[in-house]
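Chemist: Kindly generate the corresponding structure for this input.
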Amino acid sequence: MAPQARTNLESFLDSVLDAHLVMNQYSGEETIKADFRKGFRLDHQGTNNDETVHPWTHRIYVQPVGGSKSKSHRQSKANNNKSILADCHASESATAEEIRDALMKSFRKGAQVFYAPPKPE
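Modeler: Take a look at the predicted model:
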């Protein structure tokens with residue numbers, strides 16, 4: 001992974017307001033923030049009802065989005081779930097910083113799922 005990509009993602013995540021990372025306001029699929037200039041979209045992909053992952057029920061993904069391409073190209077790329085850059089499952093009690101940290105760890109590990117707050121070992 002290029003250092004510039006890591007820096008760009010950190011910058012994007014830092015630009016997301018803490019208030020937008022309060023999980024109890026989300027229940028369905030929705031975009032939390034999209035920044036076509038930086039090339040990222042942060043999505044809440046809904047909640048997971050699987051009891052084995054409770055209380056980490058909120059699924060949050062970072063996906064790339066196109067910059068200067070046409071709108072239809074950006075939309076088709078944005079709707080491609082195979083291009084997930086970071087994956088986090090968060091509880092309702094997760095802080096904004098815990099969510100950002102989990103997403104960065106996931107990005108560094110090739111979109112492996114990380115939890116916010118971290119699962120006890």
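
Chemist: If you count contacts, what does the helix or strand containing K33 end up packed against?
Modeler: K33 is part of strand 29-35, with elements assigned from DSSP states H and E. The contact analysis (3 or more C-beta pairs under 8 Å, 6 or more residues apart in numbering; DSSP states H and E) places strand 29-35 against strand 40-47. Using the backbone N, CA and C atoms, a C-beta is placed for each residue, glycine as well.

Chemist: Give me the residues contacting the next helix or strand after the strand it packs on.
Modeler: Downstream of strand 40-47, the next assigned helix or strand under DSSP H and E is strand 58-64. Strand 58-64 has contacts (C-beta atoms under 8 Å, 6 or more residues apart in numbering) with 9, 12-13, 23, 26, 32, 39-48, 77-78, 80-81, 83-92, 94, 99, 103, 107.

Chemist: So for the strand holding K33, mean pLDDT?
Modeler: Regarding strand 29-35, the rounded mean pLDDT is 94.

Chemist: Flag every buried residue along it.
Modeler: For strand 29-35, the buried set under the neighbour-count rule, 16 or more other C-beta atoms under 10 Å, comprises 32-35.

Chemist: ditto for stretch 86-98
Modeler: 86-91, 94, 96, 98.

Chemist: With stretch 46-54 instead?
Modeler: In terms of neighbour count (16+ other C-beta under 10 Å), stretch 46-54 has its buried residues at T47.

Chemist: Alpha carbons only: can I get that stretch in CSV?
Modeler: C-alpha atoms of stretch 46-54 as CSV (Å, rounded to 0.1, in the frame of the first residue of the first chain):
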residue,chain,number,x,y,z
GLY,A,46,-26.7,-1.5,8.1
THR,A,47,-26.8,-3.5,11.3
ASN,A,48,-25.9,-7.1,11.9
ASN,A,49,-28.4,-9.3,13.9
ASP,A,50,-25.9,-12.1,14.4
GLU,A,51,-25.7,-12.7,18.1
THR,A,52,-22.1,-14.0,17.9
VAL,A,53,-20.9,-10.5,17.0
HIS,A,54,-23.2,-8.6,19.5
